[in-house]
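Asks: Pasted the sequence and its predicted model underneath.
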Amino acid sequence: MARHEEERDVSTKIASIESIVEYKLSEKIRTNKEIAAFIKMLFNKKRSVPILIDGNIEINYFNTTEDAKGYLSSLDKSRWEILRFTPSQYHKEHHEQYSEESNRTSHQVIGQEFDGVVVTIDRLFSYADNGDLTYKGVVYYAPVKMLFQNITRSRKKLNIVIIGNEELLNRCITILQ
């Protein structure tokens, strides 16, 4: 949902429709247990779940957007699906600096899965006091939810590209140790 949809509490209005049947989703994310455990701990830094490191997660850190873009463009497109955030139709957003228009957006891959997925985490992601992953920038669609959408498309391999965000780099290293 877009931020204005959340602010208007659209989900509660939809849930109040009598003919709507509500289902709760489990925490099961795909079938790769390593990736599923990693995702749970990435999205809340206070969370700890057992994780068996099996080499399915790759972390790449870059100080600059230009270096990250160079790396992303060099990836083998037959092995990796590079997913980007859905941009606003109305104004330019920070994440568009490192996103190639040829890569699919969060909204284009809903319900799909890929053997290898690449996601980008930039300097605007951080953790709130309660441990939850947050985003400090102003955007049309919710980046934390889009990151979750993108990262959970991965079946076998996950490649996290981090740009200028040592806090998230350190969290990823801690998870994988």
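Replies: Looks like it came in fine.

Asks: separation between S154 and F114?
Replies: When Cβ to Cβ, to the nearest Å is the yardstick, S154 and F114 sit 7 Å from each other. To be clear about C-beta, it is placed using only N, CA and C from the backbone, and glycine gets the same treatment.

Asks: If you count surrounding residues, which of the two has more?
Replies: Per other Cβ atoms under 10 Å, whichever of S154 and F114 has more neighbours is S154, with 27 against 18.

Asks: any idea how far stretch 69-83 is from the chain center?
Replies: Shown here is stretch 69-83, whose average C-alpha point lies 16 Å from the average C-alpha point of the whole chain (Cα atoms, centre = their mean, to the nearest Å).

Asks: ends of that stretch, how far apart?
Replies: Across stretch 69-83, the terminal residues are separated by 13 Å (Cα to Cα, to the nearest Å).

Asks: what comes into contact with it?
Replies: By Cβ atoms under 8 Å, 6 or more residues apart in numbering, the surrounding residues in contact with stretch 69-83 are 60, 62, 98, 100, 103-106, 109, 114-120, 150, 153, 157, 159, 161.

Asks: Swap in 7 Å and give it another go.
Replies: 60, 62, 98, 103-104, 106, 109, 114, 116-119, 150, 153, 159, 161 (Cβ atoms under 7 Å, 6 or more residues apart in numbering).

Asks: same deal with stretch 49-61?
Replies: Among residues not part of stretch 49-61, those counted as contacts by Cβ under 7 Å, 6+ apart are 32-35, 37-38, 40-41, 71, 156-162, 169, 172, 175-176.

Asks: okay, which residue is most central for this structure?
Replies: What sits nearest the mean C-alpha location of the chain, by Cα atoms, centre = their mean, is L147, with 1.8 Å.

Asks: re the thing from before, hmm, which two among the contacts of stretch 69-83 are most spread apart?
Replies: The span of the contacts of stretch 69-83, defined through Cβ to Cβ, is set by F62 and V109 at 23.4 Å.
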